[in-house]
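Trainee: Next one to model:
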Amino acid sequence: MKAEAQRWPAVLFLVYAIGLIVLSACKSAEIGLTQIHGLEAWLGGDKSMHFTLSAILAVLACFASERVLDLAPITRTIGVCCVLAAALSLDEGLQYVLASRRFELLDLAFGSLGLLTGALGYLSVRFVWSRTKPA
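Mentor: Residues are numbered from 1 along each chain as shown. A predicted model of the protein is given here:
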């Protein structure tokens, strides 16, 4: 039971990451645009969506990485953020070459700010938890 409880962060991260990949692919293929634009509006617009979805991704990735990477929390978080920033840059870069999408540097900036915010939020939670654990 304990091993199963330790897997949920990784599973949640993978499901969320796959969902974001599918969302991006559907937008590129112009599938379900009404629903995608509805999600975008619900999250406060395009830039807000980039920020929010990236922040959630960073938090989930940081928690999932605890079971995979045996590193200090800050070192692990920096590594995770670098990988996520590369994936975010790749996704935005691919939009430059697709006729159905358009590259916006501001989208990349809001996504990167979301990654940073999510990572700092994760580190804050980790710090508080480490201070409240009984000795």
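Trainee: Go through stretch 65-78 and flag the buried ones.
Mentor: Using 16 or more other CB atoms under 10 Å as the test for burial, stretch 65-78 gives 65-66, 73, 76-77. For glycine as for every other residue, the C-beta is placed from the backbone atoms N, C-alpha and C.
Trainee: Can you give me the buried ones in stretch 40-58?
Mentor: Residues 40, 47, 49-58 are the ones in stretch 40-58 that count as buried (16+ other CB under 10 Å).
Trainee: Please, where are all the helices along the chain?
Mentor: For the chain, the helices defined by DSSP state H occupy 2-28, 33-42, 46-65, 73-97, 105-132.
Trainee: Dump those to a markdown table, plus mean pLDDT.
Mentor: Shown next, in a markdown table, are the helices of the chain (pLDDT from 0 to 100):
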| stretch | mean pLDDT |
| --- | --- |
| helix 2-28 | 86 |
| helix 33-42 | 93 |
| helix 46-65 | 95 |
| helix 73-97 | 92 |
| helix 105-132 | 93 |
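Trainee: Pick the most deeply packed of those.
Mentor: Highest mean neighbour count of the helices of the chain: helix 46-65, a mean of 21 (counted as mean count of other CB atoms under 10 Å).
Trainee: Provide the contact partners of that helix at residue level.
Mentor: With CB atoms under 8 Å, 6 or more residues apart in numbering as the test, helix 46-65 has contacts from 9-10, 12-14, 16-17, 20, 39-40, 43-44, 76-77, 79-81, 83-84, 88, 106-107, 110-119, 121-123.
Trainee: Can you show me the CA trace of that helix as CSV?
Mentor: Taking only C-alpha atoms (Å, rounded to 0.1, in the frame of the first residue of the first chain), the coordinates of helix 46-65 have been written out as CSV:
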residue,chain,number,x,y,z
ASP,A,46,-4.3,33.1,-23.4
LYS,A,47,-1.5,34.5,-21.3
SER,A,48,-3.1,33.5,-18.0
MET,A,49,-3.7,30.0,-19.4
HIS,A,50,0.1,29.7,-20.2
PHE,A,51,1.0,30.8,-16.8
THR,A,52,-1.5,28.7,-14.9
LEU,A,53,-1.0,25.4,-16.8
SER,A,54,2.8,25.8,-16.6
ALA,A,55,2.7,26.5,-12.8
ILE,A,56,0.6,23.4,-12.2
LEU,A,57,2.9,21.4,-14.4
ALA,A,58,6.0,22.6,-12.4
VAL,A,59,4.4,21.7,-9.0
LEU,A,60,3.4,18.2,-10.2
ALA,A,61,6.8,17.6,-11.8
CYS,A,62,8.6,18.7,-8.7
PHE,A,63,6.6,16.4,-6.4
ALA,A,64,6.9,13.5,-8.9
SER,A,65,10.7,14.0,-9.1
